[in-house]
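Peer 1: fold the following, please.
(one chain, ligands or ions: 1)
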Amino acid sequence: MQINCSAPLIPCIEGRADGLPSVLQSVLWGSILPATWNFMLAARLRGLGSCFTTLHLLFEQRAAEVLGIPFDQITQAALVPVAHTQGTDFKAANRQPADSLVHWDRWT
Ligand SMILES: Cc1cc2nc3c(=O)[nH]c(=O)nc-3n(C[C@H](O)[C@H](O)[C@H](O)COP(=O)(O)O)c2cc1C
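Peer 2: Down below sits the predicted model:
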C-alpha cells in the first residue's frame, strides 16, 4: 500500500489498560510503544515524517466514538500524524545531556 496523503495512526491495545497494576501495564505499554516507534522509523525510511502524540487521550472516549473504536474493549495508546515532510532539512533536537539523566549502580 502506498500512502499519498497525510493520515494519523492510532496504535491500540486490546483490552482496557485503566486500573491495571503497573506490572501488567508495563507489559501492555512495553509492547505497543516499541511497535509504534518501529512504525515511525519504517515510515521515515519511506520518506514519511511522523510525531508521537498522546494529548488526544484526554478525549479518548470521544475519539473512540468518532472512529467507531469499542472503548470498553480497546485502549488507544497514541496518535501519530504521518505525512510527507516538506524537505529533509532536519536537525538534532535540543536534549539534556545524558550524564544528567543516567544513574550508575544506584539512584543516589
Ligand atoms: C509520550 C509522549 C507524548 C507526546 N505527546 C505529544 C502531544 O500530545 N502533542 C505534541 O505536540 N507533542 C507530543 N509529544 C512530543 C512530540 O512527540 C515531539 O517529541 C515533539 O514534537 C518535539 O519533537 P522532537 O522530539 O523531535 O524535538 C509527545 C512525546 C512523547 C514522548
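Peer 1: only C-alpha atoms from now on, for both contacts and neighbour counts.
Peer 2: Noted.
Peer 1: residues making contact with stretch 53-72?
Peer 2: 15-16, 76-80 (Cα atoms under 8 Å, 6 or more residues apart in numbering).
Peer 1: and for stretch 14-24?
Peer 2: Residues contacting stretch 14-24 (Cα under 8 Å, 6+ apart): 25, 28, 72-75.
Peer 1: what about the ligand: which of these touch it?
Peer 2: When contact is defined as Cα under 6 Å from any ligand atom, the contacts of stretch 14-24 do not meet the ligand at all.
Peer 1: surely residue 29 is in a helix?
Peer 2: Yes: per DSSP: H, G, I helix; E, B strand; the rest coil, residue 29 lies within a helix segment.
Peer 1: just the buried members of the contacts of stretch 53-72?
Peer 2: Buried residues within these, counting neighbours by 16 or more other Cα atoms under 10 Å: 16, 76-80.
Peer 1: in TSV, list those along with pLDDT, distance to the ligand and secondary structure.
Peer 2: Output for those, formatted as TSV (pLDDT from 0 to 100; distance: Cα to the nearest ligand atom, whole Å; DSSP: H, G, I helix; E, B strand; the rest coil):
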residue	pLDDT	distance to the ligand	secondary structure
16	96	18	coil
76	98	13	strand
77	98	9	coil
78	98	8	coil
79	97	8	strand
80	97	8	strand
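Peer 1: just the pLDDT at residue 4, thanks.
Peer 2: Note on residue 4: pLDDT of 54.
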